[in-house]
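Colleague: build me a model:
(4 chains)
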Number of protein chains: 4
Amino acid sequence: MRAVVYKEPHQVAVEQVPDPRIEAPTDVIVRVTSTAICGSDLHMYEGRTAAEPGTVFGHENMGIVVEVGDGVTSLVEGDRVSMPFNVACGFCKNCLAGNTGFCLTVNPGFAGGAYGYVSMGPYTGGQAEYLRVPYADFNCLKLPPGEEFENDFAMLADIFPTGYHATEMAGVRPGDTVTVMGAGPVGLMAAYSALIRGAAKVFVVDRVPNRLRLAEQIGAIPIDYTQGDPASQIRDMNNGEGTDRGIDAVGYQATVAEGEEQPAVVLNTLIDAVRPTGSLGVVGLYVTRDPGAPSEEAKHGNLLLAMGKLFEKGLRMGTGQANVKRYNRHLRDLIIAGRARPSFVVSKELSLEEAPEAYAKFDAREEGYSKVVLKPGA
Amino acid sequence: MRAVVYKEPHQVAVEQVPDPRIEAPTDVIVRVTSTAICGSDLHMYEGRTAAEPGTVFGHENMGIVVEVGDGVTSLVEGDRVSMPFNVACGFCKNCLAGNTGFCLTVNPGFAGGAYGYVSMGPYTGGQAEYLRVPYADFNCLKLPPGEEFENDFAMLADIFPTGYHATEMAGVRPGDTVTVMGAGPVGLMAAYSALIRGAAKVFVVDRVPNRLRLAEQIGAIPIDYTQGDPASQIRDMNNGEGTDRGIDAVGYQATVAEGEEQPAVVLNTLIDAVRPTGSLGVVGLYVTRDPGAPSEEAKHGNLLLAMGKLFEKGLRMGTGQANVKRYNRHLRDLIIAGRARPSFVVSKELSLEEAPEAYAKFDAREEGYSKVVLKPGA
Amino acid sequence: MRAVVYKEPHQVAVEQVPDPRIEAPTDVIVRVTSTAICGSDLHMYEGRTAAEPGTVFGHENMGIVVEVGDGVTSLVEGDRVSMPFNVACGFCKNCLAGNTGFCLTVNPGFAGGAYGYVSMGPYTGGQAEYLRVPYADFNCLKLPPGEEFENDFAMLADIFPTGYHATEMAGVRPGDTVTVMGAGPVGLMAAYSALIRGAAKVFVVDRVPNRLRLAEQIGAIPIDYTQGDPASQIRDMNNGEGTDRGIDAVGYQATVAEGEEQPAVVLNTLIDAVRPTGSLGVVGLYVTRDPGAPSEEAKHGNLLLAMGKLFEKGLRMGTGQANVKRYNRHLRDLIIAGRARPSFVVSKELSLEEAPEAYAKFDAREEGYSKVVLKPGA
Amino acid sequence: MRAVVYKEPHQVAVEQVPDPRIEAPTDVIVRVTSTAICGSDLHMYEGRTAAEPGTVFGHENMGIVVEVGDGVTSLVEGDRVSMPFNVACGFCKNCLAGNTGFCLTVNPGFAGGAYGYVSMGPYTGGQAEYLRVPYADFNCLKLPPGEEFENDFAMLADIFPTGYHATEMAGVRPGDTVTVMGAGPVGLMAAYSALIRGAAKVFVVDRVPNRLRLAEQIGAIPIDYTQGDPASQIRDMNNGEGTDRGIDAVGYQATVAEGEEQPAVVLNTLIDAVRPTGSLGVVGLYVTRDPGAPSEEAKHGNLLLAMGKLFEKGLRMGTGQANVKRYNRHLRDLIIAGRARPSFVVSKELSLEEAPEAYAKFDAREEGYSKVVLKPGA
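Modeller: Okay, the predicted model is just below:
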């Protein structure tokens, strides 16, 4: 089959690779209909990870079941399904607790697995024609047949649940005020989720005008951090008070207004922007190895956090990648009911063969490439 | 009346000060029967805060109501009462949410007030014969008449609820495994609370043999961190796995095994010792100003936190001083029912006049002075 | 002052009554600007309660503070405020737990007090020019000055929080499906709250076309129970499955399609309409004394419940009047932010003097009188 | 193999039946080492259900894995395992939500399956030498090798989690007071669980002296309901107040002090005995068909519930069979840590061949037969 293969830093190619096949009775094979490129794919693309050449990328996958292992109960050929980016077993203690992003079974020696991602286990990515899905009864979410809502459903594999996870960890409740750092696809999904959950006011902080415009279109309040300290801007628009909740949708590759990279600046801005007794949801990535970090400590993921202020304010903080399986069913139902349209973040649809160009332009932050959905079947 | 007055670093005196009086209709005056010295009093005692000479210390107070404002409903003279160390109004939005440690009313410009503590508002301490209690209906917890359980109840003002708060923030549930950093009075109360909540195994980390012995006596597993990396010791005793929950009962004045002060070492040890998807409760104090800190950043409360590891493990963290009012009623009922005896941490009872000696010996970590209860009436 | 006074069954009059005055230092006096007539006022109006002639009605009150007791901290003359229908102390154990509808202080011998309601304590109603508010710091919710959102805010005293309470007890979460029994003002507020909380589909069951139309206008799905078994209709529109949550906004005065009164029919319909593992929120009133009940058992509030089915399905049920104080702040903030407009249920504004006519027409279910807001100042 | 087979009302026999075999790749076969007789087996034994002759009984099973399907990941031959009485798939929406007692997969057309129980699907019981376990990765809980704690672990299949489930649904928290109706094995497990969770006082209501004695031995307060109204007795011992929580461990086959059967008496006693704002956990069985019921309505599971009182008090109620899988891991860990010894309820160990005698004596409520564990291997 054809697949997007990592060649070397800043280079992917669409190449012929072996077709996936049923390896265990609990597997299915899915023909991929939509597979999105994720900001986290760029970490590998840019060579800032240990990803090996030959890796097939793609963890935001959906498609049609074409082959079913004989230990699978709930799926038949032809089922349209979405797969969480996290591969999970469904029966380890983390999965049982709903923490499917930290499965103890699928990636021995580490808590958590994923498709097409470095260090996340032997699961070939889905930027390809076909995908093997292990523990398929658990990892496949059934979708209504047909092609309706295809791009909305494509957001169910990662960024919609990831944005939602941030609001869940932050404990966003009806009537709350929320600060979201970052208006990339995940930040927008977090803001969108906060509004779905009934937030009163959602401030979204970024510097890119297009992104801020999208935030405003969904009902959030855009804050341009190059126009002044974002926490102060927010307090000025919030009766002089910080927000109840804060969401980090940026992570360690954060820059200050002047452009310098400061890996803890987003966290520390949130500690400032959130009011005492508030809570933070952190889905922006922080890593334990970052060769490109600006300091020796930061290279190991040790960051200067405003811990004194965090404690004085009695803040709470939840962190980590989303447990997609915990949320995707409910989010799917919101899409079907016409109450959520997460595809508003999709900037472009391309064929699989166009992936190399898509990666290059996304990496260059070219407009129109902020959220590309590849269509292997097209 | 007589009261413990701060004179200068390392010196307190018992002196005559004006009697408190009803200042608002919602006040009561309490004759103090027991008032404990707290580790946090030492911060002021040692001159590491901005506390002014003349400050009356004492925030762990209980006693008998002797005068009642005419806006008070639920109290009469003679009622035996315990007062949370946090002064709170009961009607601001933080109090309504149960976050009485962050009251927005009682200490304007700051979230939270307390008796006898620097920067915590104009509330004279209770290491004295009498105490004025504002918003008395809210701030007084009624106790059974008589003298039974006096020292158990004396723990209700601060350290028992503080230890319990740590377990609540960490989300300790029946069957959980827990790491508690610090076997001082608060750490022991945290371990005790975790066991009351049904924890399966509680590891308590300290270096002082007496403290570790007390931990063992209540059913916890003592870990001496001078005998090897505590996280490794715990994993070795826990099937190779970190614990489900972690509690920081030490704070920024933490030392490594070699004796050097490292303000983030306890937090980073917990990040290591707790397993992926676990959660932390931080009641050990972190401050925004620490002139004695070992680095320029630490002087402002900015600490090098293992943020990459924290995120990779998907940990959650709750921080801040305890909201005593949220817990003291239930903890009182456990004492009355004979199911909790927190007075096991009390090392000595002394008269009010003996306070200066008690402070000096506590500050010197002399044995027998780890938890002193002063008896002003005696 | 002028006030709406109960005279005898089916008769109220607007009469001169003594002005309220500060009785305790913690009281304030409020000049009433809006006070709504509630369906529960009709129980008294119709003579189906023990309400004494002379009772001043009115528990859905808002207005302007005109006098302040000297034990009040947070209010000054001129403040615009909303009062929960439940009078509460703020410091008893039920209030501390957020259960302000079951205050143990304000109505000795019973859990819960209210303004202008039989058996709910000595609190004169607010369908009058002025109202005394006890424990004013706790019972007053401050509103923005001016007259904006007046009718939206008027819904904060009872029906918006009551509808919301139903969704809270039922545990409505984003993506859920919900059945709401009853499209009166409370049922509509419940449906509206469910949608604010992110429900995917909300079915509202009633027989009155106007009410069903309103339900549809806010985005709910109307179900006319005279057109067939409502549970079956809902399953037919919900993939053959019951809903995740169910809300009873009707109570014991329920009628079947044929018109006969059956006090448990709404509960039993919900037990049928909700899927296994679902949950119910019951805010429709059930009473312990109902002289007009169709059976001897029902006269004492003992109803034939489908307990076998309830258990087999593993349903959960929360009941009781709303704890308004727990919700009114957040709901106010949604109104201010423009994210909620509960005034859509208001059918008419009238002067205080028009109250007798309003009661008569509301009791006769005349169109346009389903939710009347009286304007004493007008 | 040998198995306990239902022959006719009041008769079981130990007979030769076909050995179970792997039917799906996700199955395992377990050699049963301990299998307990449950009170709910008596419903079938007494002929009060539709159980067919030939049914093999037994849903409280544990043993050793002897054969492993090739779609099973986490188990190998020789593993010692406990199986929840509920058979569950692990991937339907109810299982994902933790409601494994209401699995939508294993018993098509009904929510929930079990071993050896009428209407609960095609799963042969475990009062036999061997047991087929479907979805084995999900349904098997691994135990430490060896024979230690055998009878404690035998309680993990049903009654310990069932008692715990009652406390979870009732929301028992540290410091709470609790009423438990029924001191049979499940009631005792509920009381035991409440104490593990930190309850301050647990009242256990029954009439059988032996059972009440056991309740007292674990730290609960026995209440003999033949000595006076149990709710009044409890209030007299609880400062005149009802308890915070109530647990129904009896169900519909309840009798009043005079001996008459009244299917709702336990529920109505709890509604009386629990204080306003309290909550109930109902694990005692209620059914939709009971031919032996004392009234026509009760025959269909429609019971006269004190709904007016329930609502007036604002009570909450959770019902339904336990989701064992949600709790068994944590309860196992409490056993291993030496913090729980649920085997205190085991009254006798017998061989499989002695089952007929055990059933007869248990049915006759003969002393010593209240909780029999059969040992097929012995």
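Colleague: which residues of chain A lie near chain C?
Modeller: Applying Cβ under 8 Å from any Cβ of the partner chain, we find that chain A lies next to chain C at A:164, A:173-177, A:193, A:196-198, A:200-201, A:329-334, A:336-337, A:339. For every residue, glycine as well, the C-beta is placed using N, CA and C.
Colleague: and the stretch 201-350 of chain A, which residues reach chain B?
Modeller: By the rule Cβ under 8 Å from any Cβ, the part of the stretch 201-350 of chain A lying against chain B is A:252, A:263-264, A:267, A:275-277, A:282, A:285-290, A:297, A:300-321.
Colleague: quick one, phi/psi of the most centrally placed residue in chain A?
Modeller: In chain A, the centroid-proximal residue (Cα atoms, centre = their mean) is A:Ile159; its distance is 3.8 Å. Main-chain dihedrals, A:Ile159, degrees, to the nearest 10: phi -70, psi -30.
Colleague: ok, back up a step: which of the residues of the stretch 201-350 of chain A next to chain B fall within helices?
Modeller: A:267, A:297, A:307-312 (DSSP state H).
Colleague: and the least confident of these?
Modeller: The lowest pLDDT within those belongs to A:Glu297, with 94.
Colleague: name the nearest residue to that residue, ignoring sequence neighbours.
Modeller: Leaving out its chain neighbours, the residue that sits closest to A:Glu297 by Cβ to Cβ, 6 or more residues apart in numbering or on different chains is B:Leu304, at 5.6 Å.
Colleague: what do you get for A:Val204?
Modeller: A:Val204 sits nearest to A:Ala215 (Cβ to Cβ, 6+ apart), 3.9 Å away.
Colleague: check the burial of that neighbour by counting its neighbours.
Modeller: Counted with other Cβ atoms under 10 Å in any protein chain shown, the neighbours of A:Ala215 add up to 25.
Colleague: what secondary structure does it sit in?
Modeller: Classification of A:Ala215 using DSSP: H, G, I helix; E, B strand; the rest coil returns helix.
Colleague: coming back round to it: neighbour-wise, which of the ones in helices among the residues of the stretch 201-350 of chain A next to chain B leads?
Modeller: A:Leu267 (29 neighbours).
Colleague: assess the claim that A:Leu350 and A:Ala358 are in contact.
Modeller: Yes: contact status for A:Leu350 versus A:Ala358: in contact at 5.3 Å, counting by Cβ atoms under 8 Å.
Colleague: who's more crowded, these two?
Modeller: More crowded of A:Leu350 and A:Ala358, by other Cβ under 10 Å: A:Ala358, with 22 against 16.
Colleague: any idea which element that one lies in?
Modeller: If you go by DSSP states H and E, A:Ala358 is part of helix A:355-363.
Colleague: quick one: average pLDDT of that helix?
Modeller: Across helix A:355-363, pLDDT averages out at 97.
Colleague: what lies in contact with it?
Modeller: With contact meaning Cβ atoms under 8 Å, 6 or more residues apart in numbering or on different chains, helix A:355-363 is reached by A:4, A:10-14, A:37, A:41-42, A:45-46, A:127, A:348, A:350, A:368-370, A:372, A:374.
Colleague: ok, now which ones touch the residue nearest to A:Glu297?
Modeller: Contacts for B:Leu304 (Cβ under 8 Å, 6+ apart) come out as A:297, A:302-305, B:264, B:268, B:297.
Colleague: repeat the analysis, applying 10 Å as the threshold.
Modeller: Neighbouring residues of B:Leu304 by Cβ atoms under 10 Å, 6 or more residues apart in numbering or on different chains: A:264, A:295, A:297-298, A:300, A:302-305, A:307, B:262-265, B:267-268, B:295, B:297-298.
Colleague: distance of A:Ser370 relative to chain D?
Modeller: 32 Å (Cβ to the nearest Cβ, to the nearest Å).
Colleague: tell me, how many residues neighbour the residue nearest to that residue when sequence neighbours are not counted?
Modeller: Distance criterion Cβ to Cβ, 6+ apart; nearest residue to A:Ser370, sequence neighbours excluded, is A:Ser347 at 4.8 Å. Neighbour count for A:Ser347, taken as other Cβ under 10 Å: 17.
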